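Engineer: Fold the following and give me the result.
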Amino acid sequence: MMRYTLPRDMYYGNGALEQLRNIRGKKAILILGGGSMKRFGFVDKVVNYLTDAGIEIKLFENVEPDPSVETVMKGAAVMREYEPDWIIAMGGGSPIDAAKAMWVFYEYPDTTFEEIIQPFSFPTLRQKAKFIAIPSTSGTATEVTAFSVITDYAKGIKYPLADFNITPDIAIVDPVLAETMPPTLTAHTGMDALTHAVEAYVSTLNSPFTDPLALKAIQMVFEYLPASYEGDKTAREQMHYAQCMAGQAFSNALLGIVHSMAHKTGAAFSTGHIPHGCANAIYLPYVIKYNAKNAAKRYADISKYLGITGTETECVKALCDKIDEYNVKLNIPKTLKDFGIKEEEFLDKVPAIAEAAVGDACTGSNPRPITPKEMEKLLTCTYYGTEVDF
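Structural biologist: All right, here's what the predicted structure looks like:
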């Protein structure tokens, strides 16, 4: 038996944020990132809509990019004192992911972070609060997924948390919020969405319910991402929907080793953080070539859906070439070396990173199994830009 879980309600379209006027409750806490939502006036709108609904509201601000375990625990403590019956997270993936994890420790103060690292091990939520997610970026789709990514900076590891309990109750997908994204963020989040859809389509847990969403999302990203990158509002709107569709697919079909690699390299190097979507964009063509031994037909299906013709091998190559072409258009480097990772540090750390990536929660649904030694070879290919031939 398999499971298919989505938010109970999703409101989308220009002005969908106003749906907050119809929420019923007493107290809400609004989890926010670094301040862009306040600068662009969206926080004021949320406060006004909730006030109209008769709901008291408290702000928890300044969740950092790639939220930490410490921020999660701090937010949960604030929730336990305030006792909201609605948790509302607005912004990029970081405040929404952080709020999901805070939710657990609000309702279950005695739970430890180590206990929820194991996939699908969360206690039953909604004992104290329900959850609304409002994305401002077009990539993570955390507003419709059963996932959250939290970083332990002391260990240099990103932990993907997975449990259907943290799928939001309500997603508000208002493309007006995404119009504020700068070009680089648009590029990285767009390629993150593409990776979600591609990995969902070839996942070992793909299904007739997830395949159409994944394929349509892939087609929409290729059609609209370049214009969205240039700031076209119509394209921004379509990308906001495409990433949400990709999220619905991967939340139920799961992901693969592109994400395993991105999770374990994002905070690993002294030269600085590798943005998640950028890491996915770099790794995706290499992983397709690795996985093709087991999943060439699925990748060829994607190519054919995009109008590419040829043999399976030709279609797989054409798909990789198309992704490489988009990375160039979006100013995304081809290799970790081009990104600026120091060679000596990479070579020193890659065995441990490879071991950790194989143990990542996303590895189990990858279409081709991988050992730590193979992962080390694959990561080395992504550093130097060498061909994947094993």
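Engineer: Only C-alpha atoms from now on, for both contacts and neighbour counts.
Structural biologist: Noted.
Engineer: hey, where'd the strands end up in this structure?
Structural biologist: When secondary structure is read from DSSP state E, the chain shows strands at 9-12, 27-31, 56-60, 86-91, 130-135, 147-152, 157-162, 170-173.
Engineer: So for residue 258, which of those sits nearest?
Structural biologist: strand 157-162 (13.1 Å; C-alpha to C-alpha).
Engineer: That closest one to strand 147-152, inter-axis angle?
Structural biologist: 150 degrees (axes from the mean of the first three to the mean of the last three C-alpha atoms, to 10 degrees).
Engineer: Which strands border strand 157-162, and is each parallel or antiparallel?
Structural biologist: strand 147-152 (antiparallel) (DSSP bridges).
Engineer: For the partner strand, the averaged confidence score.
Structural biologist: The average pLDDT within strand 147-152 is 90.
Engineer: before we move on, what about stretch 309-322?
Structural biologist: 97.
Engineer: For the closest residue to residue 107 other than its chain neighbours, which residues are in contact?
Structural biologist: Excluding the flanking residues, the one nearest residue 107 by C-alpha to C-alpha, 6 or more residues apart in numbering is residue 128, at 6.3 Å. If a contact means C-alpha atoms under 8 Å, 6 or more residues apart in numbering, then residue 128 has 83-85, 107 as its contacts.
Engineer: from these, which ones fall inside helices?
Structural biologist: Counting by DSSP state H, those place residue 107 in helices.
Engineer: can you redo the contacts of residue 128 as TSV with pLDDT and distance to residue 157?
Structural biologist: Formatted as TSV, the contacts of residue 128 follow (pLDDT from 0 to 100; distance: C-alpha to C-alpha, whole Å):
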residue	pLDDT	distance to residue 157
83	98	31
84	98	31
85	98	32
107	98	25
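Engineer: Next, give phi and psi for the residue nearest to residue 107.
Structural biologist: Phi and psi for residue 128, reported as degrees, to the nearest 10, are phi -120, psi -30.
Engineer: i'd like the first residue to be 35 from this point on
Structural biologist: With the count now opening at 35, the last piece we talked about shows up as residue 162.
Engineer: Just give the closest residue to the residue nearest the centre of the chain, not the sequence neighbours.
Structural biologist: Most central in the chain under C-alpha atoms, centre = their mean is residue 174, positioned 3.0 Å from the mean C-alpha point. The spatial neighbour of residue 174 that comes closest, neighbours along the chain excluded (C-alpha to C-alpha, 6+ apart), is residue 127 at 5.7 Å.
Engineer: pretty sure the one you found contacts residue 178?
Structural biologist: No. Look at residue 127 against residue 178 with C-alpha atoms under 8 Å: they stay out of range, at 11.2 Å.
Engineer: dump the residue contacts of the spatially closest residue to residue 161 that is not a sequence neighbour.
Structural biologist: Once flanking residues are discounted, residue 161 sits nearest to residue 141: 6.7 Å by C-alpha to C-alpha, 6+ apart. Residues in contact with residue 141 (C-alpha under 8 Å, 6+ apart) are 114, 159, 161-162.
Engineer: Could you report the separation of the residue lying closest to residue 290 once chain neighbours are set aside from residue 252?
Structural biologist: Nearest residue to residue 290 in three dimensions, chain neighbours excluded: residue 400, at 4.2 Å (C-alpha to C-alpha, 6+ apart). Applying C-alpha to C-alpha, to the nearest Å, the value for residue 400 to residue 252 is 18 Å.
Engineer: do residue 63 as well
Structural biologist: From residue 63 across to residue 252, the span is 35 Å (C-alpha to C-alpha).
Engineer: Comparing these two, which shows the higher neighbour count?
Structural biologist: Each of residue 63 and residue 252 has its neighbours counted (other C-alpha atoms under 10 Å); residue 252 has more, 27 against 23.
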